[in-house]
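>>> Sequence and predicted structure, then a few things I'm wondering about:
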Amino acid sequence: MNEIREHVIEKKIVESIGTTTLWKWLHEDGIRPWTHRTWIFPRDPAFETKGVQVLDLYQRIWEGTPLGEGDFVISADEKTSIQARQRIHARTPPGPHRPSKVEHEYERMGALAYMAALDVHRAQVFGCCESTTGIEPFAKLVNQVMEQEPYRSADRVFWIVDNGSSHRGVASCERLQSAWPNAILVHTPVHASWLNQIEIYFSILQRKVLTPNDFPSLDQLQKTILAFQQRYSARATPFAWRFTRDDLHRLLNKLEAPAVAA
């Protein structure tokens, strides 16, 4: 607090002030100059337009028209660098009023990438594990989904993805439609992965399967991930997604308000 006091006097904000008074002012105004919060600002000039497309698809609407029975919506992404960590001491089982104990130290047994796709309205998950991400692994995931019914014979299959290098830009849209004419790639705005429902599934996977991370091999890690995927698809229901285009509009206006006021 003494440093802040010296600074405000040096900058001639006030001629003199005691630390007690300065602390009182900051406390009353809720200002804490020593704190900060990491933030990602919406920088995509078409943020709302792209975001609305995604949110409308969750409501089964495309370009103002309701989707038909032959239309499907897929949310896809990659969970990268999932490590297999073998603990140097075996875990202890949980007991009455006693949690399982997991050794802090481990050996790295390698890492893999999990490519996954969620049918938003049917709550079905498809996926595969690869050594790395990229255009070819993503194409493998697309083929895995599109080669089976009802997607192969669907009128349209909308693929919602972020702007990662595996599926970025116009070229990725053209690649997808060239391979599968009934598939349409829809990008979320830059820095808006939170609009992609597959991220909710990844968080469930992380919590229920990958924490704590204790796998003796990549093979065991892969088998566990895919077994959970199968179990999830057999039991899951669609996410109760309530964030709409109106909510997005209000949020963006709120984020813009401080900048306008300044």
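Looks like it arrived, so ask away.

>>> if you average pLDDT over the helix or strand residue 52 falls within, what comes out?
Secondary structure here is read from DSSP states H and E; on that basis residue 52 sits in helix 47-58. Averaged over helix 47-58, pLDDT sits at 97.

>>> I'd like to know which elements it is packed against.
Contact partners of helix 47-58 among helices and strands, from 3 or more Cβ pairs under 8 Å, 6 or more residues apart in numbering; DSSP states H and E: strand 156-161, strand 183-187, helix 245-261. All C-beta atoms are positioned from the backbone trio N, CA, C, and that covers glycine.

>>> which residues touch the helix or strand just after that helix?
Scanning forward in sequence from helix 47-58 by DSSP H and E, the next helix or strand is strand 61-62. Strand 61-62 has contacts (Cβ atoms under 8 Å, 6 or more residues apart in numbering) with 53, 56, 67, 71, 156, 158.

>>> hang on, the earlier thing: which of the helices and strands packed on helix 47-58 is buried the deepest?
When the helices and strands packed on helix 47-58 are scored by mean count of other Cβ atoms under 10 Å, the highest mean neighbour count falls to strand 156-161 (a mean of 22).

>>> Could you spell out the sheet neighbours of that strand, each with its direction?
strand 71-87 (parallel), strand 183-187 (parallel) (DSSP bridges).

>>> how does the chain divide into domains?
1-36, 47-248 (automatic domain parsing).

>>> Quick one: closest of those domains to residue 255.
domain 47-248 (9.8 Å; Cβ to Cβ).

>>> how far does the closest one stretch from start to finish?
End-to-end distance for domain 47-248: 10 Å, by Cα to Cα, to the nearest Å.

>>> Pick out the residue nearest the middle of the protein.
Centroid-nearest residue in the chain, with Cα atoms, centre = their mean: residue 199, separated by 3.6 Å.

>>> Look up how far residue 86 lies from residue 48.
Using Cβ to Cβ, to the nearest Å, one obtains 47 Å as the distance from residue 48 to residue 86.

>>> So which of the two has more stuff around it?
Ranked by neighbour count (other Cβ atoms under 10 Å), residue 48 and residue 86 place residue 48 first, with 18 against 15.

>>> about what we covered before: in the helix holding residue 52, what's buried?
Burial within helix 47-58, assessed by neighbour count using 16 or more other Cβ atoms under 10 Å, is assigned to 47, 48, 50, 51, 52, 53, 54, 55, 56, 57, 58.

>>> ok, now stretch 195-210?
195, 196, 197, 198, 199, 201, 202, 205, 209, 210.

>>> and the residues you listed, which of them are in helices?
Of those, the ones assigned to helices by DSSP state H are 198, 199, 201, 202, 205.
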